[in-house]
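Undergrad: sequence first, predicted coordinates after that:
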Amino acid sequence: MVALLGNPNCGKTALFNRLTGARQKVANYAGVTIERKEGSFTSPDGRAYRLLDLPGAYSLSAHTPDEAITRDVVAGKRAGESVPDVLVCVVNATNLRLNLRLVLEIKRLGLPMILALNMVDVARKRGIVIDEARLAQELGMPVVATVAVQAGGERALVQALDAMALTEKAAPKSLDVIDTVSVEETQREVRRILALVCHEKDDRGNLSEKIDHIVLHPVLGPIILAVLMFCVFQAVFSWATVPMDLIKDGVDGVGSMVKNAMADGLLRSLLVEGILGGAGSVLVFLPQILILFFFILVLEDCGYLPRAAFLLDRLMGGVGLSGRAFIPLLSSFACAIPGIMAARTIQNPRDRLVTIMIAPLMTCSARLPVYALIIAAFIPEREVGGFVSLQGLVLFGLYVTGIVSAMLVAYFMKRSMGANHQQPLMLELPSYHWPHLQNLALGLWERCKIFITRVGTIILTLMVLLWFLSTFPGAPEGATHPPIYYSLAGILGRGLEYIFAPIGFNWQICIALVPGLAAREVAVGALGTVYALSQSGDELAQSLTPIIAASWTLPTALSLLAWYVFAPQCMSTLSVVRRETNSLRYPLLMAGYMFVLAYSASFITYRVALALAGG
Ligand SMILES: Nc1nc2c(ncn2[C@@H]2O[C@H](COP(=O)(O)OP(=O)(O)OP(=O)(O)O)[C@@H](O)[C@H]2O)c(=O)[nH]1
Ligand SMILES: [Mg+2]
């Protein structure tokens, strides 16, 4: 077993992916990997290796839960797992001053080690010359240069591994040996070695620093951040129209073909109303999701995110959150689950807990189809001030509402937990680089697969189930409503209507809320099926947008939007909270506070909108 370890953001996962062909997440900020991941590869000599990718750590005296994983693995403290045979210490060749400290610390464990000088491509460009032979001599371990993002950039490392040809198994010294040497002493040793092996041309005109001068500017910085975010939401609507229409036409086309080819009957209804009307209406939102992820991936890869965290640190500090909460919260825009897991990089347990509790208020991508559907149906496709799309603006507003309420909730939670001194934010700012196109394409492809898999599995299954519940037992003699009204789902929906009528939801919406608990975007599919089945007789199947535009009032639509900003909807999030906090109390608390928020927000929205519409 070979383990990769090193400081955060030095390229361990990139190297792991290159060696094993895996596709673990790589991004240009510290704290991407938060769990151990295993893979394997075979060297050209035919030796087989098992490889471990670990979370980055600054030292082995772990401060955060993710660093603790790394410490426990190298110390052989993990249950049922032996100590790695070789440690590959990965360092960022452009920042040896910081990186070598961990190397010296790990060396004291006395395990076989190789030093991988990663990112030598960048180092070379910056005029940093490292004497590898001398470094190897000083450290007493093989030193190899690697470029994790280039094909063949791992070759030297594999040769070094083969050359070690391990036979005996070493036992690590206890972690106590690390504490016997002071940080100052280690730092002195690092400086001594650097003076011997590293020659740096004067590099004052560093491009990253120049960019940071503008991007981190106290006035310009926040403006740039706001404009950037705003543009993302504009793009989500304006770029997506053409591909969305294509998918819609495709789904509709298949629908009419099936309708024409089959006789009216249960099977046809299942195919057209259940599957195409349900799963098909969710599929339409693929382009918007991909556009959102395009921006997230680009920002992740170029190195802007830690800067944004830096800019927002003051703001987040104001509500008692640490700047470290930024990345977990930002990840929650994709999905709250990785966001909640990324909170492991937060040192202070209270900060971590509050971050976990508010993560689901960040607008996850599963809400996007719901928002987009309602916005498309009720917000006119108009431009404000000549170039800003009104629909994009409303979407932006919904995201902002989520963020602002998260900050308020954080503030009150922090207050209720009592005093807590604010810790200064210590974040490494990585160098900027252009996004790797291949990574970007792969990332989008992964997203595409995840979405389509969701549509094809959980959403499809639920739609078929919902279709059954909505079709049986069928309408009685002399029925005045469409059959779904009398079906099991209809009865359930009409029951729930008692609870939700005060906030403007009709029984069709109530039906859709139930499967929406499994995954939010299912609600869109459910509405698709429910309304397809609600249409009387031979009316042509229409797409969902015009149907809801005709059958809901504006107050109902707004109330549903408000509901979706806050509602505790997704069961998987709650179960991850349970796992990460190791208690039942917090998921219950989360579900409770979100339900109350959602109901109150919808109630106020509905009543205010009704009053305005009536007045
Ligand atoms: N130019 C260049 N970029 C690299 C190299 N290796 C990694 N990168 C980039 O460096 C960034 C960090 O890479 P990761 O593999 O995520 O780093 P990590 O060490 O796994 O980080 P954590 O999981 O946060 O500890 C990414 O943007 C990579 O594309 C390299 O050899 N050369
Ligand atoms: Mg990693």
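TA: Everything's here; your move. Ligands and ions are numbered 1, 2, ... in the order given.
Undergrad: so the spatially closest residue to Leu305 that is not a sequence neighbour, which of the three states?
TA: Spatial nearest neighbour of Leu305, excluding adjacent residues (CB to CB, 6 or more residues apart in numbering): Tyr29 at 4.9 Å. No exception for glycine: its C-beta is placed from N, CA and C like everyone else's. For Tyr29, the secondary-structure state derived from DSSP: H, G, I helix; E, B strand; the rest coil is coil.
Undergrad: and Tyr29, what's its pLDDT?
TA: Tyr29 is assigned a pLDDT of 83 by the prediction.
Undergrad: name the next helix or strand downstream of the helix or strand bottoming out on mean pLDDT in the chain, please.
TA: When each helix and strand of the chain is scored by mean pLDDT, DSSP states H and E, helix 176-179 comes last, with a mean of 67. Scanning forward in sequence from helix 176-179 by DSSP states H and E, the next helix or strand is helix 183-197.
Undergrad: next secondary structure after that next one?
TA: Next along the chain after helix 183-197, with elements defined by DSSP H and E, is strand 198-200.
Undergrad: helices or strands up against whichever strand or helix holds Glu138?
TA: Assigned by DSSP H and E, Glu138 falls within helix 132-139. Using 3 or more CB pairs under 8 Å, 6 or more residues apart in numbering; DSSP states H and E as the contact criterion, the neighbours of helix 132-139 among helices and strands are helix 96-107, strand 113-118, strand 143-145, helix 183-197.
Undergrad: tell me which residues in that helix are buried?
TA: If you call a residue buried by 16 or more other CB atoms under 10 Å, then helix 132-139 has these buried ones: Glu132, Leu135, Ala136, Glu138, Leu139.
Undergrad: how many other residues sit next to Lys107?
TA: Residues contacting Lys107 under the criterion other CB atoms under 10 Å number 16.
Undergrad: quick check: closest non-adjacent residue to it.
TA: Met113 (6.4 Å).
Undergrad: state the pLDDT value of the one you found.
TA: 92.
Undergrad: next: the one 4 residues further on.
TA: In the prediction, the pLDDT value recorded for Leu117 is 93.
Undergrad: counting by contacts, list what the lengthiest helix in the chain packs against.
TA: When the chain is scanned for its longest helix (criterion: DSSP state H), the result is helix 585-614. For helix 585-614, the elements it packs on are helix 349-358, helix 390-417, helix 554-566, helix 571-581, judged by 3+ CB pairs under 8 Å, 6+ apart.
Undergrad: could you list the buried residues of that helix?
TA: In terms of neighbour count (16+ other CB under 10 Å), helix 585-614 has its buried residues at 586-587, 590-591, 593-594, 597-599, 601-603, 605-606, 609-610.
Undergrad: just the angle between it and helix 349-358, please?
TA: 40 degrees (axes from the mean of the first three to the mean of the last three CA atoms, to 10 degrees).
Undergrad: ok, Trp563 - contacts?
TA: Taking CB atoms under 8 Å, 6 or more residues apart in numbering, we find Trp563 in contact with Ile503, Phe505, Ala598, Tyr599, Ala601, Ser602.
Undergrad: residue in the stretch 351-500 of the chain nearest to ligand 2?
TA: Checking the stretch 351-500 of the chain residue by residue against ligand 2 with CB to the ion singles out Pro430 as nearest, at 12.6 Å.
Undergrad: give me the pLDDT for the closest residue in space to that residue that isn't next to it in sequence.
TA: Taking CB to CB, 6+ apart, and ignoring the residues beside it in sequence, Pro430 has Gly303 as its nearest neighbour in space, at 4.7 Å. At Gly303, the predicted lDDT confidence score is 87.
Undergrad: residues contacting Gly303?
TA: Residues counted as contacts of Gly303 (CB under 8 Å, 6+ apart) are Asn28, Tyr29, Ser208, Leu429, Pro430, Ser431, Tyr432, His433.
Undergrad: neighbours of Trp445, how many?
TA: The burial metric for Trp445, expressed as a neighbour count using other CB under 10 Å, is 12.
Undergrad: so it is in which element?
TA: Going by DSSP H and E, Trp445 is in helix 437-454.
Undergrad: quick one: distance of that helix to the chain centre.
TA: 13 Å (CA atoms, centre = their mean, to the nearest Å).
Undergrad: export it as CSV, just CAs?
TA: These are the backbone C-alpha positions of helix 437-454, laid out as CSV (Å, rounded to 0.1, in the frame of the first residue of the first chain):
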residue,chain,number,x,y,z
LEU,A,437,-10.2,22.3,-20.5
GLN,A,438,-10.1,18.5,-20.2
ASN,A,439,-10.9,18.7,-16.5
LEU,A,440,-13.7,21.1,-17.3
ALA,A,441,-15.2,18.8,-20.0
LEU,A,442,-14.8,15.8,-17.7
GLY,A,443,-16.5,17.7,-14.8
LEU,A,444,-19.4,18.6,-17.0
TRP,A,445,-19.7,15.1,-18.3
GLU,A,446,-19.8,13.8,-14.7
ARG,A,447,-22.6,16.2,-13.9
CYS,A,448,-24.5,15.2,-17.0
LYS,A,449,-24.2,11.6,-16.0
ILE,A,450,-25.3,12.2,-12.4
PHE,A,451,-28.3,14.2,-13.6
ILE,A,452,-29.4,11.7,-16.2
THR,A,453,-28.9,8.8,-13.8
ARG,A,454,-31.1,10.5,-11.3
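Undergrad: what's the mean pLDDT across the following helix or strand past it?
TA: Downstream of helix 437-454, the next assigned helix or strand under DSSP H and E is helix 460-471. Averaged across helix 460-471, the pLDDT comes to 82.
Undergrad: helix 460-471 versus helix 437-454: what angle between them?
TA: Using the same axes, to 10 degrees: helix 460-471 against helix 437-454 is 30 degrees.
Undergrad: contacts for the helix or strand following helix 460-471 next, please.
TA: For helix 460-471, the succeeding helix or strand toward the C-terminus, using DSSP H and E, is helix 488-500. Residues lying outside helix 488-500 but in contact with it, judged by CB under 8 Å, 6+ apart, are 466, 469-470, 472-473, 484-485, 505-511, 513-514, 530.
Undergrad: could you give the mean pLDDT of helix 488-500?
TA: Confidence over helix 488-500 (mean pLDDT, whole number) is 87.
Undergrad: what number of residues lie near the nearest residue to Tyr593 once chain neighbours are set aside?
TA: Counting by CB to CB, 6+ apart, Tyr593 lies nearest to Val409, which is 7.2 Å off, once chain neighbours are set aside. In terms of burial, Val409 registers 19 neighbours under the definition other CB under 10 Å.
Undergrad: contacting residues for Val409?
TA: With contacts defined as CB under 8 Å, 6+ apart, Val409 is in contact with Met357, Ile358, Leu361, Tyr593, Leu597.
Undergrad: who are the packing partners of the helix holding Trp445?
TA: Using 3+ CB pairs under 8 Å, 6+ apart as the contact criterion, the secondary-structure elements in contact with helix 437-454 are helix 286-302.
Undergrad: touching the helix it packs on from outside, list them.
TA: Here helix 286-302 has contacts from 27-29, 228, 232, 235-237, 239-240, 243-244, 247, 305, 308, 330, 333-334, 365, 368-369, 372, 432-436, 439-440, 443-444, 447-448, 451-452, using CB under 8 Å, 6+ apart.
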